[in-house]
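Novice: show me the folded form of this:
(2 chains)
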Amino acid sequence: MSFSNWLRDRTGWPAEPAKPDKTGVVSAARSSWRRAISSTVALLLGLQVVTGVALMTVYSPSASTAWASVWYIQTQVPGGWLVRGLHFFASDALVVLFAAYLLVSVYTKAYRAPREFVWWISLCLAGVMVALAHTGYALPWDQDGYWGTHVRLNILARVPEVGPMIQRLLTGGAEAGHGTLTRFYTLHIFLLPACTFVLAWIGWRCRKRSMVSSAGPVKLGTLRGSQMFRNGLLGAMTLLALFALACYTHHRMGLDWLDAPADPTGADYPARPEWYFLFLFQWLKYFKGPTPEMIGAIVVPSAVAVVFFLMPIVGKKSNGRFGSLLVGGFTALLVALVAGLSILSILDDRAPDADLVARAQAKQKADKPLTEDEAHALRANLFHENRQAARDLAARAIALANEQGVPPEGPLALLARDPLTAGPRLFAANCASCHRYHGHDGMGLVPSEPAASSDLGHYATVTWLTGFFADPMADRYFGLMKKEDGEPAHTKMNRWLSENRGDDKVSATRFQADLEAVAAYLQDESLNPGRLAGLDDAVLEATASQAVARGRRFFMSTCNECHSYDGERSGTTSAPEMRGYGSVAWLELMIANPANDMRYRSKGREPAQMPAFADRLTADQIHLIATWLHSSRAISTPPT
Amino acid sequence: MTRRSFLEILVSAVRGAVAIIAAVPIVRFLAAPLRARAGGPDFIRLQPLSALAPGETKRVVVESDRWDAFTHYPPGPIGRVYLIREEDVEGMPKVRCLQSICPHLGCAVDQSGGGFRCPCHGAVFDENGKSVKGPAPRNMDELELRVSQGDDGESWVEVQYRTFASGTTAKRPVA
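Specialist: The predicted model follows:
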């Protein structure tokens, strides 16, 4: 026998070619947009499976590797950004298409007999789509996904009786972590797609049985030309939109495709649901307290779902116009409510007027009561500040990953070891009780208790030093430092400056120029410790700029009387060692042990007031603070 | 009953028994998260008492080692708390500790004005963590705190760090 006959005999494929249809009926089913939508849904589901499987070959579902693998997909794997972009936007598109399908079905009364089961299956599938989207959002284990999951599980826990149990099963324990990710992954790649497949198959069979026409049962494989056209058009437009969105997000908006790594310690994350659930977010603002919230989050949406399920019965043909008006009216009302609440939510989160915010902040500081507008302005302002901070952190995390890759401990370790990220946090937690950094605590907040020490913004730069030499007892320098008895803690520098400034204009001008040179020199010393040590004048002039060389000479002839250099001083009064002043190593010793003999000492009339942080912080933590203070400075370009 | 029907019943019974025997460990496996951990957490040392002035409220990062299923992380940040020190009473320090997780839906509560505020849904608490406005179902959760003497004679603030279920009026620890 022939090959194809042998194949057909053993396997049944390829099937016998169909006999030509003598009745000439292609399909009596009227061409409709509703069917075009379901055809596009099928297309997108296929796309999700294909892109999903592709992503699965690289994605790694553990709390310490998920973020890194998504970063890898987006930045390193060729075309990874496109595959992930398509997968992400297709999930949004599926939700939109399902909503559109349901609305069109209500409008065309396609929920009526004999299509009741198709309608019910569609409702269930819409729910599964949302579940797929939510489990998918958690998978990168970034801040957005983590906190969104956290909030959603908390809402689920509101379901009476079984809520907390469901929450705990899905979390995989008491706190979200590995267990949550693996469970969400299982749901997302297997259980929910299996549900989709089963529901779609049942729906397909019910649909086939429901398709009747005046010419008898319709063969499903034959579409009208106009239906094929609609299917093709909608499918093509949707795919085009997905490609466009993926490209736009990747090139123009850059970092919006991955947030900072998930940080369970509550990093002030401004969580918002995805755009199509903003209406629910706004809705819940009107329900305050556990019981009202259960009503708003669980009871009302369930009631709405029940109404949708009952539509084939309420709107059945025998109920005539009354039934279908009820159904149509309810749906129209719902659409208006969803649209209205979404708009309200977007408006509520708009950036507030800066003047209003300033006024409200002043009022709050004075403990005066605020108007609704002012309270709202403060809330919105805080939201925007937190959102900007979140964006900055995400940018930093991705930049670090681009530079160094992700360590085995995970992306949080990447940030924890980054001076730019960890430095300000450590400063705010440990130093800001006394010090300031450009007037705040390093993290942008102004502490409520007053400063008791210097402002370290731009420490040991020409700017800082010039200001210091002009008035060392100003608040931002030594002015706030007090001994236990309330007397000023460090006055020697001020006294020396007053004594040596010179009485006449000529010497005062020269002294001023000398101090400027010293500032330039010390800034250089902070950047290049010991570079100019032991050089004779000729080499010095050749190596450094004029100002720096002059400053070095003045330092060695004058300042060195008190301030040691390489442990040696020409006089007897003690002042901090200046080799490497302002460098990372110098700052580390200052933080670890300010009473060290090479710093402010523990003896004498003006001993160090600052506690030794070697007891309270690890060497790594001290290094991070020092590196941040050193490298976040604005270095002045020295005059040549 | 024929021999055939007897055999059919017997086979079904055996199949059923096997299914149940196999199902029990699988159900226990899947339900493992529902079992509560035994024992409470240890006290974690936060900072010296001297770093907190009377009348000051400060946000402190809690550092400890932690377990996440199979991964044992070295000491690192596990959460944040607020330390509130009131004026000393008869020379004795008065310190309290509040969990910074909002009892409403679990967001991080910020300091705002003299009290606290949650940026997510606008819950407002006074300087003692008492809920004054907004959707929080209870006050900010207080944590067990003790002041202990270190080897060097320095007083250290130690806190029993735990988290509590969000969205409930009752304060239930998550374990």
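
Novice: and the residue of chain B closest to chain A?
Specialist: B:Ala108 (3.2 Å; Cβ to the nearest Cβ). For every residue, glycine as well, the C-beta is placed using N, CA and C.

Novice: backbone phi and psi for that residue, please?
Specialist: phi -90, psi 130 (degrees, to the nearest 10).

Novice: show residues contacting the helix or strand harbouring A:Val539.
Specialist: Using DSSP states H and E, A:Val539 sits within helix A:537-543. Residues from elsewhere that reach helix A:537-543 (Cβ atoms under 8 Å, 6 or more residues apart in numbering or on different chains): A:Arg531, A:Leu532, A:Leu535, A:Ala549, A:Arg552, A:Arg553.

Novice: pretty sure the residue of chain B closest to chain A sits against B:Ile101.
Specialist: Yes. Using Cβ atoms under 8 Å, B:Ala108 makes contact with B:Ile101 at a distance of 6.8 Å.

Novice: ok so, going back, can you pull the buried residues of the helix holding A:Val539?
Specialist: If you call a residue buried by 16 or more other Cβ atoms under 10 Å in any protein chain shown, then helix A:537-543 has these buried ones: A:Leu540.

Novice: need the contact list for the nearest residue to B:Phe164 once chain neighbours are set aside.
Specialist: Of all residues not flanking B:Phe164 in the chain, B:Asp141 sits nearest, at 4.8 Å (Cβ to Cβ, 6 or more residues apart in numbering or on different chains). By Cβ under 8 Å, 6+ apart, the residues touching B:Asp141 are B:Leu98, B:Gln99, B:Ile101, B:Pro103, B:Gly129, B:Phe164, B:Lys171.

Novice: from A:Arg112, how far out is B:Asp141?
Specialist: Distance, B:Asp141 to A:Arg112, using Cβ to Cβ, to the nearest Å: 53 Å.

Novice: could you do B:Cys102 as well?
Specialist: On the measure of Cβ to Cβ, B:Cys102 and A:Arg112 end up 47 Å apart.

Novice: in terms of neighbours, single out the busier of the two.
Specialist: B:Cys102 (28 against 20; other Cβ atoms under 10 Å in any protein chain shown).

Novice: so how many other residues sit close to the residue nearest to the more buried one when sequence neighbours are not counted?
Specialist: Of all residues not flanking B:Cys102 in the chain, B:Cys118 sits nearest, at 4.2 Å (Cβ to Cβ, 6+ apart). Other residues near B:Cys118 come to 26 when the count uses other Cβ under 10 Å.

Novice: ok, now A:His435?
Specialist: Counted by other Cβ under 10 Å, the residues lying close to A:His435 total 22.

Novice: list the contacts for it?
Specialist: By Cβ under 8 Å, 6+ apart, the contact list for A:His435 reads A:Phe427, A:Ala451, A:Ser453, A:Ser454, A:Asp455, A:Leu456.

Novice: ok, now with 10 Å
Specialist: Shown in contact with A:His435 (Cβ atoms under 10 Å, 6 or more residues apart in numbering or on different chains): A:427, A:441-442, A:447, A:451-457, A:459, A:480, A:610, A:629.

Novice: now swap in A:Gly444 and tell me
Specialist: A:Glu385, A:Ala389, A:Pro424, A:Ala428, A:Tyr437, A:His438.

Novice: B:Glu87 sits in which helix or strand?
Specialist: B:Glu87 belongs to strand B:71-89, assigned by DSSP H and E.

Novice: strand partners of the following helix or strand past that strand, parallel vs antiparallel please.
Specialist: Per DSSP H and E, the first helix or strand lying C-terminal to strand B:71-89 is strand B:92-99. Under the criterion DSSP bridges, strand B:92-99 sits next to strand B:71-89 (antiparallel), strand B:142-143 (antiparallel) in its sheet.

Novice: just checking, what packs against the lowest-mean-pLDDT helix or strand in chain B?
Specialist: Least confident helix or strand, chain B: strand B:110-112 with a mean of 81, by mean pLDDT, DSSP states H and E. When contacts are defined as 3 or more Cβ pairs under 10 Å, 6 or more residues apart in numbering or on different chains; DSSP states H and E, strand B:110-112 packs onto helix A:372-404, strand B:57-68, strand B:115-117, strand B:124-125.

Novice: just name the most buried of the strands paired with strand B:92-99.
Specialist: Among those, the stretch with the highest mean neighbour count (mean count of other Cβ atoms under 10 Å in any protein chain shown) is strand B:142-143, at a mean of 20.

Novice: the helices and strands packed on strand B:110-112: which one's closest to B:Trp156?
Specialist: When the helices and strands packed on strand B:110-112 are compared by Cβ to Cβ, strand B:57-68 sits nearest B:Trp156, at 12.1 Å.

Novice: what mean pLDDT would you report for the closest one?
Specialist: The average pLDDT for strand B:57-68 rounds to 86.

Novice: close to chain A, is that strand?
Specialist: Yes. Strand B:57-68 is in contact with chain A by Cβ under 10 Å from any Cβ of the partner chain, via B:Thr57, B:Lys58, B:Arg59, B:Val60, B:Val61, B:Val62, B:Glu63, B:Arg66, B:Trp67, B:Asp68.

Novice: just name the closest of those to A:Trp6, please.
Specialist: The shortest approach to A:Trp6 among these belongs to B:Asp68, at 57.5 Å (Cβ to Cβ).

Novice: all helices of the stretch 1-150 of chain A, in order?
Specialist: In the stretch 1-150 of chain A, the helices defined using DSSP state H, counting those that start in this stretch lie at A:3-11, A:33-56, A:66-75, A:80-107, A:116-138, A:143-156.

Novice: could I get those helices as JSON lines with distance to A:Lys317 and mean neighbour count?
Specialist: Formatted as JSON lines, those follow (distance: least, Cβ to Cβ, whole Å; neighbours: other Cβ atoms under 10 Å in any protein chain shown):
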{"stretch": "helix A:3-11", "distance to A:Lys317": "46", "mean neighbour count": "10"}
{"stretch": "helix A:33-56", "distance to A:Lys317": "18", "mean neighbour count": "19"}
{"stretch": "helix A:66-75", "distance to A:Lys317": "51", "mean neighbour count": "22"}
{"stretch": "helix A:80-107", "distance to A:Lys317": "15", "mean neighbour count": "20"}
{"stretch": "helix A:116-138", "distance to A:Lys317": "12", "mean neighbour count": "20"}
{"stretch": "helix A:143-156", "distance to A:Lys317": "38", "mean neighbour count": "22"}
